[in-house]
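Colleague: what's the 3D shape of this:
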Amino acid sequence: MNESTQLLCFREAFYRRERRSIPLARQFVRATLLDWACGVPVDDVLLCVSELATNALVHGVPPGRGFRVRLSWERVLRVEVHDSGGGEVQEGADPAPYAEYGRGLVLVGALADAWGVGERSPGKTVWCEFAASASKLVETGPGAHHLP
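Modeller: A predicted model of the protein is given here:
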């Protein structure tokens with residue numbers, strides 16, 4: 001996709017409150033990134049999707065509800081995970097050294113170019129963004145980690 005033909009791209013998918021929703025969300029995002037060929041670090045994006053979707057599933061989706069993954073692309077890939085629960089996001093919280101949980105958003109913060117939390121009623125939106133860069137590693141074939 002070059003700059004002269006680049007348009008806003010948008011896709012979203014809804015997932016139920018089930019453990020199998022996390023790999024399904026990753027598959028949806030991977031397929032979308034392959035289709036858009038937007039030049040972002042695919043493995044980093046997929047790890048962030050796993051973390052945000054897992055947080056929504058564990059902390060933000062009440063029984064009988066689900067969460068939504070929304071992707072948009074216009075020079076920057078924006079990944080949003082929408083939930084309908086009341087769980088709060090602990091921005092900037094460092095987990096204890098031996099804690100079993102609490103590192104997901106630290107990873108998102110390290111991998112994404114930007115991330116944050118937005119309000120919605122009911123629930124919240126946790127988002128992260130990735131800018132395409134000519135300096136990103138480009139590989140093709142099996143084992144490729146980034147898209148051209």
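
Colleague: Please report how far the residue nearest the centre of the chain lies from residue 122.
Modeller: Among the residues of the chain, the one closest to the centroid is residue 49, at 3.2 Å (Cα atoms, centre = their mean). Spatial separation of residue 49 from residue 122 under the definition Cβ to Cβ, to the nearest Å is 22 Å. Quick note: C-beta positions are derived from backbone N, CA and C, even for glycine.

Colleague: how about the strands in this protein?
Modeller: 9-16, 66-73, 76-83, 114-119, 124-131 (DSSP state E).

Colleague: Strand partners (parallel or antiparallel) of the shortest one?
Modeller: Paired with strand 114-119 in the same sheet, following DSSP bridges, are strand 124-131 (antiparallel).

Colleague: Pull out the buried residues from the partner strand.
Modeller: Buried residues in strand 124-131, counting neighbours by 16 or more other Cβ atoms under 10 Å, are found at 124, 125, 126, 127, 128, 129, 130.

Colleague: Sketch out the low-pLDDT regions of this structure for me.
Modeller: Low-confidence segments of the chain, defined by pLDDT under 70, span residues 1-7, 87, 90-96, 98-102, 134-148.

Colleague: would you list every one of the helices in it?
Modeller: 21-36, 42-55, 104-111 (DSSP state H).

Colleague: any idea of the angle the second one forms with helix 104-111?
Modeller: Relative orientation of helix 42-55 and helix 104-111, computed by axes from the mean of the first three to the mean of the last three Cα atoms, to 10 degrees: 160 degrees.

Colleague: Just the CA atoms of helix 42-55, as CSV, please.
Modeller: Extracted C-alpha coordinates of helix 42-55, given in CSV (Å, rounded to 0.1, in the frame of the first residue of the first chain):
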residue,chain,number,x,y,z
VAL,A,42,3.2,-8.6,13.1
ASP,A,43,4.5,-10.6,16.1
ASP,A,44,4.5,-7.5,18.3
VAL,A,45,1.0,-6.7,17.2
LEU,A,46,-0.2,-10.2,17.9
LEU,A,47,1.4,-10.3,21.3
CYS,A,48,-0.4,-7.1,22.2
VAL,A,49,-3.7,-8.4,20.9
SER,A,50,-3.2,-11.5,23.1
GLU,A,51,-2.6,-9.4,26.1
LEU,A,52,-5.4,-6.9,25.6
ALA,A,53,-7.9,-9.6,24.7
THR,A,54,-6.9,-11.7,27.7
ASN,A,55,-7.3,-8.7,30.0
